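In: Sequence first, predicted model second:
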Amino acid sequence: MEKEWNWEVLSPSLSICVSQQHKFGTDAVLLSDFARRCCGFSFQKSVACDLGTGCGIIPLLWYRHPTEHPLKTWCVDIQPQAVAQLKATLAQYPNPKIRPIESDLKDLQGKIPFQACHLITCNPPYKKQGAGILSERAPAQTARHETQCTISDIAEISRRLLKEGGRLCLCQRPERLADVLGAMRQNRLEPKRLRFVQKNAGSAPWLFLIEGRLGGRSFLQIEAPLLMEDDEGNPTQEIEQIYTQGKYL
């Protein structure tokens, strides 16, 4: 299996182990940056958890920077190969602050202390349970369809893992916005910040990024859309900054 693995450069001092089954896309990069900017939140003093971590891209992007990263991050995935790839990356670039855990996120009791996290991230399956044509390969099914967990499962375990006032940040397709808001509120995760992602100023959103706070008061800040391209089809300045941040550390 290792013969199918490749290495993608994140910075001059860090590469990540990827494969056809477990790689990363734009949505994970944007979520990593969005979570790092939680409102009223000390990112560097946080204990974090990345649910459905895959190859570990979200926390690995955080730790490109020598100081601006969480104190500790648990990385949870149910798929053995995903965890093996993250461990392969950490074997090349040891980081005791990143702790891989192979587990169903619905079965984390005794593996991660409850009420211990300040921040949780999740790039969840986008297809609703029972909707759409299932991918042929099992890893793709798990990543894209709610076969192993639902939005409600993610919200429920986040409520258990977070300290009061802790944040859950996730991304999802716009058609699932009502599902996400409902699941968050059912678990006392008050939506506090919402940002839509668009290809350009004239296109409809293809993604949204949302932050919920455990026990927060009702107030939702809608941020300006994140545009991927300018009028000439070039990456916007903000997108370039997100992608190059820490690249030359």
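Out: Right, received. Where do you want to start?
In: Low-confidence bits of the protein, can you list those?
Out: 1-3, 127, 129-147, 246-249 (pLDDT under 70).
In: try it again with 90
Out: Along the chain, segments meeting pLDDT under 90 span 1-4, 10-14, 38-41, 64-68, 126-148, 243-249.
In: can you give me the strands in it?
Out: Assigned by DSSP state E, the strands in the chain fall at 6-11, 14-18, 47-51, 72-77, 98-102, 117-122, 162-172, 189-198, 205-214, 221-222, 226-227.
In: Mind putting these into TSV with mean neighbour count and distance to T244?
Out: Every C-beta, even on glycine, is put in place using the N, C-alpha and C of the backbone. Listed next are these as TSV, based on neighbours: other C-beta atoms under 10 Å; distance: least, C-beta to C-beta, whole Å:
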stretch	mean neighbour count	distance to T244
strand 6-11	14	10
strand 14-18	20	14
strand 47-51	27	22
strand 72-77	24	22
strand 98-102	19	22
strand 117-122	26	21
strand 162-172	22	20
strand 189-198	20	18
strand 205-214	22	19
strand 221-222	10	26
strand 226-227	20	16
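In: Compare these and give me the one nearest G110.
Out: strand 98-102 (11.0 Å; C-beta to C-beta).
In: returning to what we had before: using a markdown table, please lay out the strands of the chain together with distance to E240.
Out: Compiled in a markdown table, the strands of the chain are given as follows (distance: least, C-beta to C-beta, whole Å):
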| stretch | distance to E240 |
| --- | --- |
| strand 6-11 | 15 |
| strand 14-18 | 19 |
| strand 47-51 | 24 |
| strand 72-77 | 26 |
| strand 98-102 | 26 |
| strand 117-122 | 22 |
| strand 162-172 | 20 |
| strand 189-198 | 15 |
| strand 205-214 | 18 |
| strand 221-222 | 24 |
| strand 226-227 | 12 |
